[in-house]
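Asker: Sequence unavailable; structure follows:
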């Protein structure tokens, strides 16, 4: 119960102009004022200047969400009188017909006691402003209101994307749509749609139907559905860039068209995660002929300026083993597979140009001979973008934004597209366009994908929209808890599906013990999940690790409590009761988890985790008692407890207890109590933290 | 916390052949045996006899659900060797091409230590058996298994339906689909789709596009979507019967075609709930001409034998005020509007016959001149069906199965399509085909509809499938908790969306106090919601009442605890601690609810409810102390406490505290303590219950 309370975020809070705000991403410039604009049944909206269907639909969506929160009906339709309207929207023009990289997304919003005035140069700017307006909603006992404010806002970067991999695990249409709504809510503007890979070819090709019919198990998007998604995205000011990964990551192309491959085949849809050999044969003209036809078809379907050709992780094994390809390289004077791939990319660039499209690809495509309007997407890091910019190429960052690696939001928040020491000049800096969160889908199902996307994607969205100086991680987490709940109104399931997974795991038993466990537990990071809990693309993703979140709900809270307690040396009164309560819940957990496990073999290592968590929490409680009593433990206690904590830190079944660093601080503080007599509390605390940070098996908090 | 635990159902439990089973609906004949069939990674499926795409797809769906529960991957594809397969399915033939009323749905299932053998005459029978198989899954610490059993099963009634009203609130396609999965899970076989009403015309008519274009705000199903739904239903052995309500409930028809109305118009889509005047004009040939064209188009779209013409609640006001209609009645010798409607119905019956369809309609259409293959759907009660059967008409029951009236599952469970004293002979009894749950949608949105449908629809499904003798309500609730959780794996949101509503209502605050409150609170019954909390079809349905459930999670539990305590007279030891804990949570609730309300005006009457609930719980706690201590309260205490309870029983904002009857028993028992000296505990308890049942403002538990 206590943990449950700790997990829930802040809320409609009673604020004055100095109270922390709930805006995410933080606007470029803003100021809060005394006062409020009441949201009553007489709330009206008027539009001045330009208006069109997209704007009207966007206003309608915003008003319906507002209604959902206040739980009463607002008048429909637009008011005639701009002066008396509660919300006045003034829009100068429609903006781009197809959302594009040079869209003006700026807006201003002035909220007073009498009116909210939203001004923008384009409809997209107005849509961005409406999202901010919704974030200004608060309530007290008697009524809901918008907080008085003056906001002038525009994005830091023009390219703020989310990549969704629909290949590894197909994601039905409604999942793409609700995530477009989520993206719009945090002002992202590019859906990068990874549509083909070894594990599935997910787009209908009417010209080459064997591609999707043989390569998808029937799980592909029809062209009508693609158009539907594009219209949905366009309505929200979001570009849609398709990715057709080539020449590697191409198994699914080859199931229906083995003749395109660099080895004879036959090929089958890949079921495993990983990097595989199949690659298109860059030496055969039939390959370019098909790609010309296919990319022409896709260019007619996707209106965005850019088409993503992947280009990553082609290890060239098939190329090395085919004599004809070796001979081709020799004949053309291509010294390496990288040069062969560059040749391939240039051919593709010509094809794209013919169809009126520009190229974007991963780091590996970078080559001086490519057209200068090519965009480099970096999974390697900001240094690659600096290198690309020096060569005159534009770039976007995805390194640091890989959501599948299960790092906490704070880690993503810390990754900036522009390295602080980039050494680039103004002109080169302008080539760094932004970044994209990347949701690779080896380990996400339609049921779990939202919980991997949100709320962490909001942190990346803020990094890409807000000024570089906005870096307060605690404040990010505070606001992320608010937006996380608001995202639910869009149908996103990141919160609601976690209890569903837990109920299924317990066969309908009481899930509270599992929630208490997971409050201190996260999935393992990077690519360790696949090693510890191997699954294929056909496996159910319904294990405990699938219900664990990248930010364990109680971990930051515990760390803050410990910090407060230790900073209160030598008395150690601060946060004592809260710490004791929190740790006691974990200490007492094992019997309940064991009893659940006794009825569900699917819980696997849950009680080993619970026992180690309990032992670790007990160590923390003992430390607490020593600190509170001012008596130091016996010398052997320190090593025994640190050993207990090391044991608890060991990952199992792709899960790890993440509160160990905070508990190490408690244990070492207790052991170091005698040092407090001879050093200042400040120095003592520094020493404790240094000692605690040593030799921690998994350090990141 | 305590309440949360009480709310969760039972689970995978360790059972032997005498332990209660988890089957719902209860099979016609079944026996459990000692033993179990392990579900391991080597689980294989073989098919003997007939096989087709529908069967293979059904097996695949079942295996994926099994995988989701056990959390590991099972082999794909069918095994060759029937003898060694873990699951052997033997199917004699495909059954009907289009699911029909005379489909053979019977199956047998024999599970031993070595194999599960499922036999059926038709594919639909096999699908029903697969659902039973999934309900046999249990687990212990080491592995999941199917409990050994011998089951021979078939339905009591051939027509077991669910009506979904897509008119009042449009329900997107995926909601219809996931509810078809839910229906299949509890062996329902008819989706009755209410597609037109005053508030919306929800089906695309290519012949008369003004019908849906003017009558739906753009919220209609395309014919492709309808075909998609029918294919989805057919794959699950479910018939799809469309309803086009006429001649009343017809406003939405008239928005685009005012010339069909009995008054000149113009007409607008109705936004209010209720019964309205607009009706088709039965005297004009153009009306029949359009209906002929429209119903012909619909007959080509919907393959089921039946088309539902509504026919309900036409109050004839427009008919009375139009002289031409009066003249027509006179000319034709029609003495009443009922006779005029019967004339209309006969014309429609001829049109339907021409298009190869039979008619179904609500009670009002019953008239001796209708074709004898007409089916009467009764919202009035079993007596109407008896009357219809006497006249030779077939019938199905919906009275007692109206989910929108927010009665508990037990009430629906108690309604039998055949009145015990029907007096019908065998042949007449055979005319009563079954029944349909009815989900009218005045007060359900896509977000809340599942929570009104489930798990209560499971109780109705059991009433219609299982033998008449299956009537143990406590056992129903035990099994309903299990199936409720299993239904979640189909994507149904009946559980997961409740916290979403509560989080929105609290602006992301701690929702636990609201859950504790709602554990004792239900929406008001029947049509009281509209009076106490009026909303239109455009209002947000995001208030506290929308998060309250028809079966308050803790109400039955409290009643059982009180019953146990009072049956333990004169010692009153049984359940004391549990009762004290439960009542104390409610007693202590007001400060937390008030603090939530202070931040959210949308919570409206929540703290008045919490205060009254707290006072009522305190009265219960006082009674408990008197009973435990064996000392009687002062005489004035009784009336004071009963007044407190009466106050608490008053509904507000469409919500009511439903634990009052149990608390009245406690209070009266305490007041009646002195009587225990002079009467036997049994007589005393009877007296207490009689007294408690008097004058209860809302009695139903």
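Answerer: Perfect, thanks for sending it. None of these values were measured; they are calculated from a predicted model.

Asker: tell me which element the residue nearest to the spatial centre of chain A falls in.
Answerer: For chain A, the residue sitting closest to the mean C-alpha position, by C-alpha atoms, centre = their mean, is residue A:457 at 3.0 Å. Element membership for residue A:457, per DSSP states H and E: helix A:456-465.

Asker: Just say helix, strand or coil for residue A:242.
Answerer: The three-state label given to residue A:242 by DSSP: H, G, I helix; E, B strand; the rest coil is strand.

Asker: residues near it, how many?
Answerer: 25 (other C-beta atoms under 10 Å in any protein chain shown). Heads up, the C-betas are built off the backbone N, CA and C, glycines and all.

Asker: Over to residue A:630?
Answerer: If you count neighbours by other C-beta under 10 Å, residue A:630 ends up with 11.

Asker: ok, now residue A:553?
Answerer: Residues near residue A:553, counting by other C-beta under 10 Å, number 22.

Asker: Retrieve the pLDDT associated with it.
Answerer: pLDDT for residue A:553: 94.

Asker: How is it classified with respect to secondary structure?
Answerer: Classified using three-state DSSP, residue A:553 is coil.

Asker: where's it relative to residue A:498, distance?
Answerer: Per C-beta to C-beta, to the nearest Å, residue A:553 is found 10 Å from residue A:498.

Asker: Leaving aside the residues adjacent along the chain, what's closest to the residue nearest to the centre of chain A?
Answerer: Nearest residue to residue A:457, sequence neighbours excluded (C-beta to C-beta, 6 or more residues apart in numbering or on different chains): residue A:437, at 5.0 Å.

Asker: which helices and strands sit right next to the helix holding residue A:457?
Answerer: When contacts are defined as 3 or more C-beta pairs under 8 Å, 6 or more residues apart in numbering or on different chains; DSSP states H and E, helix A:456-465 packs onto strand A:159-165, helix A:173-185, helix A:409-413, strand A:432-439, helix A:473-487.

Asker: check whether the last one contacts chain B.
Answerer: Yes: under the criterion of C-beta under 8 Å from any C-beta of the partner chain, chain B is reached by helix A:473-487 at A:481-482, A:484-486.

Asker: Kindly indicate which of those lies nearest chain B.
Answerer: Set against chain B, the nearest of those by C-beta to the nearest C-beta is residue A:485 (3.7 Å).

Asker: looking at chain A, which helix or strand is least sure?
Answerer: Across the helices and strands of chain A, mean pLDDT, DSSP states H and E gives its lowest value to helix A:2-7, namely a mean of 42.

Asker: what about residue A:233, how many neighbours?
Answerer: Neighbour count of residue A:233, defined by other C-beta under 10 Å: 23.

Asker: Likewise for the one 10 residues further on?
Answerer: By the criterion of other C-beta under 10 Å, residue A:243 has 27 neighbours.

Asker: Now for it: which residues touch it?
Answerer: Applying C-beta atoms under 8 Å, 6 or more residues apart in numbering or on different chains to residue A:243 gives the contacts A:163, A:192-196, A:307-310.

Asker: what about 7 Å?
Answerer: Shown in contact with residue A:243 (C-beta atoms under 7 Å, 6 or more residues apart in numbering or on different chains): A:192-195, A:308, A:310.

Asker: Any idea what it is bridged to?
Answerer: residue A:194, residue A:308 (DSSP bridges).

Asker: close to chain B, is the lengthiest helix in chain A?
Answerer: Criterion DSSP state H: the longest helix present in chain A is helix A:606-629. No: using C-beta under 7 Å from any C-beta of the partner chain, helix A:606-629 never reaches chain B; the gap is at least 9.1 Å.

Asker: Toward the C-terminus, what is the element adjacent to that helix?
Answerer: Next in sequence after helix A:606-629, counting helices and strands by DSSP H and E, comes helix A:635-649.

Asker: How far does the helix or strand following that next one sit from its chain's centre?
Answerer: Sequence order places strand A:655-657 as the next helix or strand after helix A:635-649, per DSSP H and E. Strand A:655-657 sits 21 Å away from the centroid of its parent chain (C-alpha atoms, centre = their mean, to the nearest Å).

Asker: pLDDT averaged over strand A:655-657, what's the number?
Answerer: 98.

Asker: name the helices or strands packed onto that strand?
Answerer: strand A:521-523, helix A:606-629, helix A:635-649 (3 or more C-beta pairs under 7 Å, 6 or more residues apart in numbering or on different chains; DSSP states H and E).

Asker: Give me whichever of the ones you listed is most buried.
Answerer: strand A:521-523 (a mean of 27; mean count of other C-beta atoms under 10 Å in any protein chain shown).

Asker: Let me see the residues that make contact with that strand.
Answerer: A:406, A:529, A:545, A:548-550, A:552, A:609, A:654-658.

Asker: Now residue A:30: which helix or strand?
Answerer: strand A:29-39.

Asker: what about the following helix or strand past that strand, average pLDDT?
Answerer: On the C-terminal side of strand A:29-39, the closest following helix or strand by DSSP H and E is strand A:45-49. Per-residue pLDDT over strand A:45-49 has a mean of 97.

Asker: Test my guess that residue A:101 contacts residue A:158.
Answerer: Yes: with contacts counted by C-beta atoms under 7 Å, residue A:101 reaches residue A:158, the gap being 5.2 Å.
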